[in-house]
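Trainee: quick check, what structure comes out for this input:
(chains A and B)
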Amino acid sequence: MSERNDDFITYELQEFKLFEPLFRWARKKSLWIVAFCTGCGGIEMPPLATARYDFERFGIMPNPAPRMGDLFLITGYVTPKTLKRIIITYEMMQDPKYVMIHGSCPINGGVYWDSYNVVKQFDKYLPVDVAIAGCMPRPEAVMDGIMEIMRKIESGKADGWKRYRDNYEWYKKNQDELFGEGWREKEGKRWLAWI
Amino acid sequence: MDMNEKPKVEEKAEEVAEAPRLPNTKEGRLVKAILEKAPYAEGSIRRERRVEFKVPADRIHEFLEVASEKFEILIQITTVDWLKEGEFELVYQLWSVSESVHAFVRTRIPRENAEMPTVMDIWPVAETYEREAHEFFGIIFKGNPRLGPFILEPREYEKHPFRKDFNMIGYVKMIYGEDFDRYDESKTNYVI
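Mentor: Have a look, this model is predicted:
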């Protein structure tokens, strides 16, 4: 892993590597979020965004377009139908992109552990950089998770997008097991340009 | 003591005699007016602003037409699965805007090949609630044109997951894998 962190992003000109620390600092300080508010965590976002906790002082901005987003927040339980949209949205985002999941439900199902309609392990389908446990995590915990992801970006450990690219076959196999073959062509053709 | 006890007993006897009759409140008058038009139904008052009717399943459409004169809004159609009795209980929840009264209309149908007439001609909004009851319980509403897969995945639509005899754990293990199993704190006993 540590060797791979050197080529954190491939540059056309090798001398751009000199500016890598600067780029990392800039990325860490301008996380635009794609707030995909699934489940109960969506209601924890307004206190985080408004005056009390105010994540804009860290350069975080809610952003309506996934093509400009950096940080993907999954804020609660994920149903298979939502997971399709999440995967499509994730694949629309530009590299580098980071995923943070809130609460117990995306980690292991949480209170919905025996529900027919909640995805049990989110990281089988998409790579996760930071997971915050709790049901539901308070805004302080979410801030702590955001600090964690900023630290990881600075040290180059937030490499979920890279893992997704390297292990794409494995992720695709899991997704196809859940949704059936050819779901991506059927659902995402309108959004994903390469299909 | 004797002097005090006797009047109390008399009062209680009077109350018991009064209880079956409908009180002279707005709910009582409402139930009375509906039961006069539909004598096959049973009506009672749960509490203030809440009344309840029990109707045989074959006359439900007729009854709801009568009730819709007073109750303008259909709030919801709820289904309860009584597995031991082998019956579905349908609860039509109605709201009267003019009287501010909430009504439950309960009816029971057999579980096998459950069929009901649609009430879309009375309240068009019933379409959505009937689709939902159809998808989760498999009840067929005759006359509703849009029955079919609604919000679930097609494979779940065939199984009707809210039925009590739906094997939830088996289904979950089948589609999400078995690696979410639960043990107790000592890691010895399997909880499921």
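Trainee: how near is the residue nearest in space to the middle of chain B to A:Cys40?
Mentor: Closest to where the C-alpha atoms of chain B average out (C-alpha atoms, centre = their mean) is B:Val91, at 2.0 Å. As for B:Val91, its distance to A:Cys40 is 27 Å (criterion: C-beta to C-beta, to the nearest Å). The way it works is simple: take the backbone N, C-alpha and C, and place the C-beta from them, glycine included.
Trainee: list the contacts of the residue nearest to the centre of chain B.
Mentor: B:Gln76, B:Ile77, B:Thr78, B:Thr79, B:Val80, B:Phe104, B:Val105, B:Arg106 (C-beta atoms under 8 Å, 6 or more residues apart in numbering or on different chains).
Trainee: what of B:Asp165?
Mentor: Applying C-beta under 8 Å, 6+ apart, the residues contacting B:Asp165 are B:Leu83.
Trainee: for the closest residue to chain B within chain A, helix, strand, or coil?
Mentor: Residue nearest to chain B within chain A: A:Lys120 (4.5 Å; C-beta to the nearest C-beta). Of the three states, A:Lys120 takes coil according to DSSP: H, G, I helix; E, B strand; the rest coil.
Trainee: contacts only, for the nearest residue to A:Lys189 once chain neighbours are set aside.
Mentor: Distances taken as C-beta to C-beta, 6 or more residues apart in numbering or on different chains place A:Ile195 nearest to A:Lys189, at 5.2 Å, with adjacent residues excluded. Residues in contact with A:Ile195, defined by C-beta under 8 Å, 6+ apart, are A:Arg184, A:Glu185, A:Gly188, A:Lys189.
Trainee: at which residues are the strands of chain B located?
Mentor: B:42-47, B:50-54, B:73-82, B:87-96, B:101-110, B:115-117, B:140-142 (DSSP state E).
Trainee: buried ones in the second one?
Mentor: By 16 or more other C-beta atoms under 10 Å in any protein chain shown, the buried positions in strand B:50-54 come out as B:Val51, B:Glu52, B:Phe53.
Trainee: surely the first one meets B:Ala41?
Mentor: No. Between B:Val51 and B:Ala41 no contact is recorded; they are 11.3 Å apart, counting by C-beta atoms under 8 Å.
Trainee: low-confidence ranges, chain A, go.
Mentor: A:1-13 (pLDDT under 70).
Trainee: same question for chain B.
Mentor: Using pLDDT under 70, the flagged stretches of chain B are B:1-20, B:178-192.
Trainee: can you pull out the strands in chain A?
Mentor: With strands called from DSSP E, chain A shows them at A:32-36, A:61-62, A:71-74, A:98-102, A:130-132.
Trainee: I'd like the ones you listed as CSV, with distance to B:Pro117 appended.
Mentor: Shown next, in CSV, are those (distance: least, C-beta to C-beta, whole Å):
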stretch, distance to B:Pro117
strand A:32-36, 42
strand A:61-62, 48
strand A:71-74, 44
strand A:98-102, 46
strand A:130-132, 50
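Trainee: which of those strands sits closest to B:Pro149?
Mentor: strand A:32-36 (24.3 Å; C-beta to C-beta).
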